[in-house]
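**Q** I'll drop the sequence and a predicted model, then ask my questions.
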Amino acid sequence: MKCIFCEIVNRNSPAEIIFEDEKIIAFLDNKPFNFGHSLVIPKIHCEDFLSVPEDHLMNLISAVQAVSKAVLKGLNVSGFNIISNNGKTAGQSVFHFHFHIIPRFKSDKHKYRLNLKSYAPGEMKRFAESIKNFVNNQE
């Protein structure tokens, strides 16, 4: 199956490219949340965040920061969201890792309505222990 983002990297599909270096490319999302919504991706195909090679991560984060600054200044906005959906359950629809940089306008009326939860007594510690068991045991 063809990857639309790989097609953009290889210049086989059109895109409004706003940043590019040897490892990273950024372009405008063609179905934006707000105008100026940008995507930053590694040029190599990586399905999700966990599959991005370590030697690409610093370049990727630096590019996200540079594009975010450009979005702020270029669009004269005072805020933005950085989002990455990883896995179908999290809302990922293009399985080539990417960061969304979404400019936010005071007038955009978009609100995140989170359904926040509360831990039962002792439950937070159990969740933390389950995670900590794997933090230093990466295999």
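**A** Looks like it came in fine.

**Q** how many other residues sit next to residue 131?
**A** The number of residues packed near residue 131 is 9, by other Cβ atoms under 10 Å. C-beta here means a position set from N, CA and C on the backbone, and glycine is covered the same way.

**Q** any idea how far residue 65 is from it?
**A** As judged by Cβ to Cβ, to the nearest Å, residue 131 and residue 65 stand 27 Å apart.

**Q** now do residue 115
**A** Between residue 115 and residue 65 the computed distance is 30 Å (Cβ to Cβ).

**Q** these two: which is more packed in?
**A** residue 65 (13 against 4).

**Q** what about the helices in this protein?
**A** Assigned by DSSP state H, the helices in the chain fall at 4-9, 54-75, 123-135.

**Q** and the first one, average pLDDT?
**A** To tie it back to what came earlier, the one meant is helix 4-9. Summarised as a single mean, pLDDT over helix 4-9 is 97.

**Q** which other helices and strands does that helix contact?
**A** With contacts defined as 3 or more Cβ pairs under 8 Å, 6 or more residues apart in numbering; DSSP states H and E, the secondary structure elements packing on helix 4-9 are strand 24-28, strand 38-42.

**Q** who are the contact partners of the residue nearest the centre of the chain?
**A** Central residue of the chain (Cα atoms, centre = their mean): residue 99, 1.8 Å from the mean position. Counting by Cβ atoms under 8 Å, 6 or more residues apart in numbering, residue 99 touches 39-41, 60, 64, 82-84.
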